[in-house]
Each structure stands twice: as C-alpha cells, then as structure tokens.
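S.K.: Okay, sequence plus prediction incoming.
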Amino acid sequence: MNEVIKIIEKFAPYIKKKLEEKSDRPTDRYKLVLRKFSQNFLEKYELFKLKKIIKYSYNNSPFYHKLFKQNSLKPSDIKSFSDMIKIPYTQPEDLQNNPKSFFSVPENKFVNVLTTAGSTGKPKKAYFTKEDNDKIVKSIALGGKLLYGISQKDVIRFTFEVGYGTEIWGTRYYFDKAYGEIIGALMLSTGRLSIKDELAIIKEYNPNIFGDVTSRISYLTNEMKKICDLPSLGIQTIFIGAEPTPNTLRKNIEKAWNANAVIGYGINEVGPLIAGECDNKCGMHLNEINYLLEVVDPENGEHLEDGEVGEFIYTTLDRKGMPLIRYNSHDLGRIISEVCICGLPLKRIEIYGRTDDLVPIGAGDNLFTRKFDDILFSVPEIVDYQIVFDRKDGIDQISIIAESQKINKIIQGEIINKIIKISKIENGINVSKTIAKPIVKLVKPNSLERDSIKIKRVIDNRGLYE
C-alpha cells in the first residue's frame, strides 16, 4: 500500500495539471479525464488525502486533537473509508460555540471569514487562509471548464449578494475569482437591482450566462417577462440552487428564457461549490478531489450503500486553516454511483431535503416538505408559497398561502386536490382522521415576507418538541 501511495503522490499533480490544460471544446472535454482519472485512481487518491488531513488535523487542530483523545483514537486507526465511522460528527453547533478551537494555523494567517445564521441565532463561522481560498477558486474554475466549458468568450451576470444582515457569504467572491481571474470570462457581478436596472445591464453587456439563487431567478423571470421577450436577451445558461429546486420550477424558468438551467450545491462553511450538474441534469457531480462525502443512516449513523437515502457527512480534504472532519450537514440525499453519460467519472449526488425538512404529520407519519414544491410549482400561475402547520384538538391543520399571478377558485381547487392525494395526507384525512382538509389561500405576487433571498417556506406552530 505504501508503494501505491507513493505513486499516487507522484502522479496526482501531473494529472491535475493535465486536467486544467484540457481543451474547452465540448467534444474533447472528458477524453483525458476518462483516460487518466478513473474512479479507481480517484478513490486511492482520496484515501491518501484523507489520511493526510486527519493526521494534520490531529497534530494542529485543538478541537480534533481533543476529540481523538476523548475517543481513544489515533490517526493511524483510520486505514480505510469504513473506519471513518469511528470518529464522532462535527456538528454545526461546534462552529457556533467555539470556531477558533478548529484553528490549525496562527490566527493572523486567516484572510476572511464566512458566516451563516444557525437555528439558535448564533452564526456558524468558518475561517479561510489565502492558501485555502486559492484551492477553492481553482477547484471552481476547473469545475466550470469540465461541466460547462466556460471560457474567455463568456459574459457572466451574477447577482449573488455578499451577505444578509450580519451574515457573510462567499459565493460571489469565489466565482468572480474563478470564472473571471482564472478563466478570463467577463464578470458582471453586483447585488440585486431593480427590474429596470437589471434589464438595462443585460441589454448593454449581453451576458450569455446568468446566476443567482433559484427563488431570485424565479422572481426575475416572472417580473421581466411582463416587460420584455426573455429569449431575445440571449441568456443561454442559468445557474440556480442554494435552495430546493423542483423540476417543475426549473422547467418554467427554462421555458421562459429558452435557456438551460443547471443546479449547483454548496455549503458556506464547507465549500461554495461541492457539486454541480452537467448538461444532462441527472444528478450533481461531486467534487471528490476536495471533499469526502459519507452517506449515513440518520438513526444509527451506519454507512449506507450508494443509492440509499441518508444524511450527508463531509470532510474537507484540502483545507489547512480550519479543516472539518465528518461535518454533519444535515442534508439528506443519495449517491448515484454509475458513471454519467457525459463521461465525467465523478460520483453524482441527489439532494432530497434536510433532516429538518422531514416533518411529523398525522398518525406517526413523516413527510418531506419538498413534496409541496413539486405540487405548487407544477401550477404555472404560482410564483412562491408558504406552508403553515398548526394543531387544534389533536388534529393537524395545513394552511398554504400561495402567491399567484391569477387568483381564482379553479387554481385554488387544483392545488387542494393535488395535496390531498399525497398518500400520507390522504391517510390522515380519510383513515386515521388526524389531519384536517388543507386550506389554500391565493395572494398577489410579493405579498409574502422575504429577506434578501427567499421566503421562509415552512412554519410549524405545533410546538412538537417543546
């Protein structure tokens, strides 16, 4: 095994360099990857990097040194991917309570911090060194070339915010660096503008790529198509994500712009682009070079087989400033192990929601709230919605407030009929008698309260855990 590791260590930089030098022509995009970067090699390389970062974290991170000692573990105990189960999770609360205990370099080496609000209101904090940032930027640039063939010819319009309230996000910074400074595309990045100003920028610079969170793109789509012919603007590719995106909503966006909408996935404290779709849109390709993903049973923590739905646990393989080992994202999804028809030999993932998206309902059933996305956004007139759960006399009450371009009883009835056909809701209404018939209220667009990004889709007033 030592010889294998030496070979991997010797040739990995060469293969990575060759990947970065590949042709941008779509027909050539994956030939070298298939030839040089097989899944077998990738797994060995990933295991090599995993052992290296675990040893590094044990020696340099006070948090992980203490964690290993408390659990009578040594880095040498991790000999395979299956051994990772021996290490307790790192939880989001750990990044809220004492993020500096993760520091593996002197504090003056950090050049930026990213934050996101937690459920307690206390922000999760992740710090990055210049070296960490450079690796993130290079990986995003490589992903842009591999997945989308981004080149100097592209003009890219991004309206991702740099933060909200006291939160600090990194999406705009990293994508500007990756696609602009490394690849050489022309970047048009601002915060969110008025519809009039947004249209003016698009008409002046003629971007062919647009990107923002799904709900913002949906909002722009609905508002801008009232005043212009969207396909005539020339947008060919739209990057969306950062929140659940049902296929019905994606198709509405694609149809309106006559463009290809692809979904990306990242976590502020782990990495801004952990996975992304290729043009085939059959799962997001996972960045296995920089992140190790484990899928575990949320109940017992056991590793699950590819294809089984479980909780996503991440280990950062390249971060030296503040590495994370077995970070529990609380995202739920599965790994698609088969090689994509695009030829890129990276595993693909599908996100189904979060553990906190799974709500108890009726007589002991659990329901993914994303089911409501598929129903609501299959109705063309619906712009966005909010669902409220209440409980009265032991009966669950479901109220849906939906922003709609048209308000009439036909749309209202269509939504109700689709919701009561959800098996667990139908069972609660007709069999266990633990769910009341849902109530649907249609309101005008922009009636629901928003922060700078999106509506809070689910409100649960039942106090189930109090």
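M.R.: The structure has been received and is ready for your questions. Numbering: from 1, shown residues only.
S.K.: okay, CA-based contacts and neighbour counts for the rest of this
M.R.: Noted.
S.K.: which residues does the residue minimising distance to the centre of the chain contact?
M.R.: Centroid-nearest residue in the chain: Y265, 2.6 Å away (criterion: CA atoms, centre = their mean). For Y265, the contacting residues are G241, A242, P272, L273, I274, A275, G276, M284, by CA atoms under 8 Å, 6 or more residues apart in numbering.
S.K.: Looking at strand pairing, list the partners for the first one.
M.R.: In other words, G241. G264 (DSSP bridges).
S.K.: Isn't it up against D212?
M.R.: Yes - between G241 and D212 there is a contact at 7.5 Å, judged by CA atoms under 8 Å.
S.K.: so D396 makes contact with D390?
M.R.: Yes - if you go by CA under 8 Å, D396 and D390 touch, sitting 5.9 Å apart.
S.K.: Comparing the two, which residue is more hemmed in?
M.R.: D396 (24 against 15; other CA atoms under 10 Å).
S.K.: Burial check on the residue nearest to that one when sequence neighbours are not counted, number of neighbours?
M.R.: Counting by CA to CA, 6 or more residues apart in numbering, I435 is the residue found nearest to D396 once chain neighbours are left out, at 4.6 Å. Using other CA under 10 Å, I435 has 24 neighbouring residues.
S.K.: ok, now which ones touch I435?
M.R.: By CA under 8 Å, 6+ apart, the contact set of I435 is I361, G362, I395, D396, Q397, I398, I425, G428, I429.
S.K.: quick one on the thing from earlier: from the contacts of Y265, pick the one nearest L114.
M.R.: Each of the contacts of Y265 was scored against L114 by CA to CA, and P272 proved nearest at 10.4 Å.
S.K.: Excluding covalently adjacent residues, which one is nearest to that closest one?
M.R.: G266 (4.4 Å).
S.K.: That neighbour - that's part of a helix, no?
M.R.: No - G266: not assigned to a helix; according to DSSP: H, G, I helix; E, B strand; the rest coil it is strand.
S.K.: And the pLDDT at it?
M.R.: Looking at G266, its pLDDT reads 92.
S.K.: ditto for the one 5 residues further on
M.R.: Per-residue pLDDT puts G271 at 90.
S.K.: residue contacts, it?
M.R.: I136.
S.K.: Show me what the helix or strand where K44 lies packs onto, helices and strands only.
M.R.: K44 is part of helix 39-60, with elements assigned from DSSP states H and E. Helix 39-60 sits against helix 2-20, helix 62-70, with contacts defined as 3 or more CA pairs under 8 Å, 6 or more residues apart in numbering; DSSP states H and E.
S.K.: what angle sits between the shortest one and helix 39-60?
M.R.: This means helix 62-70. Angle between the axes of helix 62-70 and helix 39-60 is 90 degrees (criterion: axes from the mean of the first three to the mean of the last three CA atoms, to 10 degrees).
S.K.: which outside residues touch helix 62-70?
M.R.: Residues from elsewhere that reach helix 62-70, judged by CA under 8 Å, 6+ apart: S57, Y58, N59, K74, I87, P88, S101, F102, F103, S104.
S.K.: Please work out the average pLDDT along that helix.
M.R.: In this model, helix 62-70 has an average pLDDT of 98.
S.K.: same question, the first one
M.R.: Confidence over helix 2-20 (mean pLDDT, whole number) is 50.
S.K.: How about stretch 100-117?
M.R.: 94.
S.K.: contact partners of that stretch?
M.R.: Residues from elsewhere that reach stretch 100-117, judged by CA under 8 Å, 6+ apart: 57, 60-64, 123-130, 167-170, 268-269, 320-324.
S.K.: hmm, 7 Å instead?
M.R.: Contact with stretch 100-117 is made by 57, 60-63, 123-130, 167-170, 268-269, 320-322, as judged by CA atoms under 7 Å, 6 or more residues apart in numbering.
S.K.: among those residues, which ones are buried?
M.R.: Using 16 or more other CA atoms under 10 Å as the burial test, these include 57, 60-61, 63, 123-129, 168-170, 268-269, 320-322 as buried.
S.K.: So, low pLDDT: which residues of this structure?
M.R.: Within the chain, the segments meeting pLDDT under 70 span 1-38, 118-121, 163-166, 451-454, 464-466.
S.K.: Look through it and report the residue furthest from the middle.
M.R.: Of all residues in the chain (CA atoms, centre = their mean), D393 lies farthest out, 38.4 Å.
S.K.: picking up where we left off before, quick one: buried residues of the helix holding K44?
M.R.: Buried residues in helix 39-60, defined by neighbour count with 16+ other CA under 10 Å: 39, 42, 45-51, 53-58, 60.
S.K.: go on, stretch 320-330?
M.R.: Applying a neighbour-count criterion of 16+ other CA under 10 Å, one finds K320, G321, M322, P323, L324, I325, R326, Y327, N328, S329, H330 buried in stretch 320-330.
S.K.: okay, it in CSV with CA atoms only?
M.R.: The C-alpha trace of stretch 320-330 is given here as CSV (Å, rounded to 0.1, in the frame of the first residue of the first chain):
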residue,chain,number,x,y,z
LYS,A,320,-5.2,23.8,6.2
GLY,A,321,-6.5,26.8,8.1
MET,A,322,-9.6,25.3,9.6
PRO,A,323,-10.2,21.7,8.4
LEU,A,324,-13.5,20.0,9.0
ILE,A,325,-13.7,16.2,9.6
ARG,A,326,-17.1,14.4,9.4
TYR,A,327,-19.1,17.6,9.4
ASN,A,328,-22.8,16.8,9.6
SER,A,329,-24.5,19.0,7.0
HIS,A,330,-28.0,17.6,8.0
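S.K.: where does that stretch sit relative to the chain's centre, distance-wise?
M.R.: For stretch 320-330, the separation from the chain centroid amounts to 16 Å (computed by CA atoms, centre = their mean, to the nearest Å).
S.K.: try stretch 92-107
M.R.: 23 Å.
S.K.: Could I get the full set of helices for the stretch 251-400 of the chain?
M.R.: Counting by DSSP state H, counting those that start in this stretch, the stretch 251-400 of the chain has helices at residues 370-376.
S.K.: Pull the residues that contact the helix holding K44.
M.R.: Around helix 39-60, the neighbours that count as contacts under CA under 7 Å, 6+ apart are I5, I8, Y64, H65, P75, S104, I289, L317, P323, P345, L346.
S.K.: Identify the farthest-apart pair in those.
M.R.: Maximum pairwise distance in these, criterion CA to CA, is 34.6 Å, between H65 and P345.
S.K.: before we move on, the earlier item: let me have the buried residues of stretch 320-330 in CSV, adding distance to L293 as columns.
M.R.: Formatted as CSV, the buried residues of stretch 320-330 follow (distance: CA to CA, whole Å):
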residue, distance to L293
K320, 18
G321, 20
M322, 18
P323, 14
L324, 12
I325, 10
R326, 9
Y327, 10
N328, 10
S329, 10
H330, 12
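S.K.: Between these, which sits nearest E204?
M.R.: Closest approach between these and E204, by CA to CA: S329, at 40.5 Å.
S.K.: Counting neighbours, what do you get for the closest residue to N366 other than its chain neighbours?
M.R.: With sequence-adjacent residues excluded and distances taken as CA to CA, 6+ apart, N366 is closest to P360, at 4.4 Å. By other CA under 10 Å, the residues close to P360 number 13.
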